[in-house]
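J.: need a 3D model of the sequence below.
(chains A and B)
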Amino acid sequence: EVQLVESGGGLVQPGRSLKLSCLASGFTFSNYGMNWIRQAPGKGLEWVASISSSSSYIYYADTVKGRFTISRDNAKNTLYLQMTSLRSEDTALYYCARHRAVRGFDYWGQGVMVTVSS
Amino acid sequence: EIVLTQSPTTMAASPGEKVTLNCLASSSVSYMNWYQQKSGASPKLWIYGTSNLASGVPNRFSGSGSGTSYSLTISSMEAEDVATYYCLQLSSYPLTFGSGTKLEIK
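T.: Residues are numbered from 1 along each chain as shown, chains lettered A, B, ... in the order given. Alright, predicted model coming up:
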């Protein structure tokens, strides 16, 4: 069974940093691209970042470019999102999702909440 | 950036009613994916590659479209279909979602 479990969220002050993790199980992690997607309270879905299976290709939304860094450790089956210079508008539920070709984001985690507030 | 515009924003349908949700892209895309999100839950892949149902999706659902215009259709609305539906384009980065259509039951 495919499982994605996010962790590392919490309350953080504006301008500070936070690192999210997503532990994958039930599939060969190193064979799949992975993504972070977020959802602000009461709002829609926003794609944040993508990373290919071997980390060769990385893409970011303009809203986080230069502040967030996506990475992965295939030996640990873990996806990361390092978030710096956090802003109030980064407050959201952050999901990690597996990327499978045309199927796109075929499995999602339960999400982890990040609240940026003083 | 390809902007996806979903319509309607909200709609209510009666049990048994046919429902059509629309997604209009600002530029042509190769295909469209759809996600279902129920309140308090993570989104689920619902339709991929424009017209392919994800595993476990009832066959009253269908998807169609090409170029810049795509749609998700429910042939006969059921109570369990109450959710927000999002379209997603994967043709070019940045990847973009539509703003969603909230589907309710009358």
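
J.: so what's the nearest residue to residue A:68 once chain neighbours are set aside up against?
T.: For residue A:68, the nearest residue in space outside its immediate sequence neighbours is residue A:83; the separation is 5.1 Å by CB to CB, 6 or more residues apart in numbering or on different chains. For the C-beta atoms, the positions are set from N, CA and C on the backbone; glycine is no exception. Residues counted as contacts of residue A:83 (CB atoms under 8 Å, 6 or more residues apart in numbering or on different chains) are A:17-20, A:64, A:67-68, A:90, A:114.

J.: report the buried members of these.
T.: Neighbour counting by 16 or more other CB atoms under 10 Å in any protein chain shown classes A:18, A:20, A:64, A:68, A:90, A:114 among the contacts of residue A:83 as buried.

J.: hang on, the earlier thing: show me which of the contacts of residue A:83 is closest to chain B.
T.: For these, the residue nearest chain B by CB to the nearest CB is residue A:64; the value is 10.3 Å.

J.: the closest one contacts residue A:46, doesn't it?
T.: No. With contact defined as CB atoms under 8 Å, residue A:64 and residue A:46 do not form a contacting pair (9.4 Å).

J.: now do the contacts for residue B:45.
T.: If you count contacts by CB under 8 Å, 6+ apart, then residue B:45 has A:103-107, B:33, B:35, B:54 around it.

J.: circling back: sort out for me which of the contacts of residue A:83 are in strands.
T.: Among the contacts of residue A:83, the members falling in strands (DSSP state E) are A:18-20, A:68, A:114.

J.: contact partners for the nearest residue to residue A:17 once chain neighbours are set aside?
T.: Nearest-residue entry for residue A:17: residue A:84, 4.5 Å, with adjacent residues in sequence omitted and distances by CB to CB, 6+ apart. The neighbours of residue A:84, taking CB under 8 Å, 6+ apart as the test, are A:17, A:67-69.

J.: let me have those residues in JSON lines, extended by pLDDT and distance to residue A:24.
T.: Shown next, in JSON lines, are these (pLDDT from 0 to 100; distance: CB to CB, whole Å):
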{"residue": "A:17", "pLDDT": "98", "distance to residue A:24": "23"}
{"residue": "A:67", "pLDDT": "98", "distance to residue A:24": "24"}
{"residue": "A:68", "pLDDT": "98", "distance to residue A:24": "19"}
{"residue": "A:69", "pLDDT": "98", "distance to residue A:24": "19"}
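
J.: show the pLDDT at the most centrally placed residue in chain A.
T.: The residue at the geometric middle of chain A, judged as the C-alpha nearest the mean C-alpha position with CA atoms, centre = their mean, is residue A:36 (2.9 Å). The score at residue A:36 is 98. That number is its pLDDT.

J.: same question for residue A:11.
T.: Turning to residue A:11, the model gives it a pLDDT of 98.

J.: now it: which helix or strand?
T.: With secondary structure defined by DSSP states H and E, residue A:11 is part of strand A:10-12.

J.: paired strands for that strand, with orientation please.
T.: If you go by DSSP bridges, strand A:10-12 pairs up with strand A:112-116 (parallel).

J.: show the contacting residues for residue B:70.
T.: Residues in contact with residue B:70 (CB under 8 Å, 6+ apart) are B:22-25, B:32, B:50, B:63-64, B:87.

J.: wait, residue B:59
T.: By CB under 8 Å, 6+ apart, the contact list for residue B:59 reads residue B:53.

J.: before I go, just wanted to say thanks for your time.
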